[in-house]
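[1] What follows is a predicted structure for the sequence shown.
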Amino acid sequence: MPIAPLPARGEWFVDARSSQGQPGDRALRVTWHLEMGCVVLSSWRDGGCVSTTRLSPDEAARLISVLADGLAAAAGDGMIESATTG
């Protein structure tokens, strides 16, 4: 099955377990499909999609909230540097 081109509103994220982000490793692809009213999270391994999850905009907002809360906790524990402005 050919790989669909990445829509204008999307991004790749390399799995932290991957060996330095080399081709063939695991990745997460996030793509907005405005025409379908959803965001698609797809898991990739060895250049092929192995699973997908469609989220409504409300569910995507909840996911963002969970990620933001986790990042704030990690910053508070010194796991990452706090974001700064200016």
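    Looks like it arrived, so ask away.
[2] just checking, residue 41 is part of a helix?
    No - looking at residue 41 with DSSP: H, G, I helix; E, B strand; the rest coil, it is strand, so not inside a helix.
[3] Centre of the chain to whichever strand or helix holds residue 70, how far?
    For residue 70, the element it lies in under DSSP states H and E is helix 57-76. When C-alpha coordinates are averaged (Cα atoms, centre = their mean, to the nearest Å), helix 57-76 and its chain have centres 12 Å apart.
[4] Which elements pack onto it?
    Counting contacts by 3 or more Cβ pairs under 8 Å, 6 or more residues apart in numbering; DSSP states H and E, the secondary-structure elements packed against helix 57-76 are strand 38-45. C-beta coordinates here come from the backbone N, C-alpha and C atoms, glycine included.
[5] which other helices and strands contact the strand it packs on?
    Contacting strand 38-45 under the criterion 3+ Cβ pairs under 8 Å, 6+ apart are the following elements: strand 27-33, strand 48-55, helix 57-76.
[6] pLDDT below threshold where in the protein?
    1-8, 19-24, 81-86 (pLDDT under 70).
[7] Now do the buried residues in the helix holding residue 70.
    Taking 16 or more other Cβ atoms under 10 Å as the basis for neighbour counts, the residues of helix 57-76 that come out buried are residue 60.
[8] then that helix to PDB, C-alphas only?
    Output of helix 57-76 as PDB, limited to C-alpha atoms (Å, rounded to 0.1, in the frame of the first residue of the first chain):
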ATOM      1  CA  PRO A  57     -11.500  18.100  18.100                       C
ATOM      2  CA  ASP A  58     -12.800  17.800  21.600                       C
ATOM      3  CA  GLU A  59     -10.800  14.600  22.300                       C
ATOM      4  CA  ALA A  60      -7.700  16.200  20.700                       C
ATOM      5  CA  ALA A  61      -8.100  19.100  23.100                       C
ATOM      6  CA  ARG A  62      -8.300  16.700  26.000                       C
ATOM      7  CA  LEU A  63      -5.200  14.900  24.800                       C
ATOM      8  CA  ILE A  64      -3.400  18.200  24.600                       C
ATOM      9  CA  SER A  65      -4.500  19.000  28.200                       C
ATOM     10  CA  VAL A  66      -3.100  15.600  29.400                       C
ATOM     11  CA  LEU A  67       0.200  16.200  27.600                       C
ATOM     12  CA  ALA A  68       0.500  19.800  29.000                       C
ATOM     13  CA  ASP A  69      -0.200  18.500  32.600                       C
ATOM     14  CA  GLY A  70       2.400  15.800  32.200                       C
ATOM     15  CA  LEU A  71       5.000  18.400  30.900                       C
ATOM     16  CA  ALA A  72       4.200  20.700  33.800                       C
ATOM     17  CA  ALA A  73       4.800  17.900  36.200                       C
ATOM     18  CA  ALA A  74       8.000  16.800  34.500                       C
ATOM     19  CA  ALA A  75       9.300  20.400  34.600                       C
ATOM     20  CA  GLY A  76       8.300  20.600  38.300                       C
END
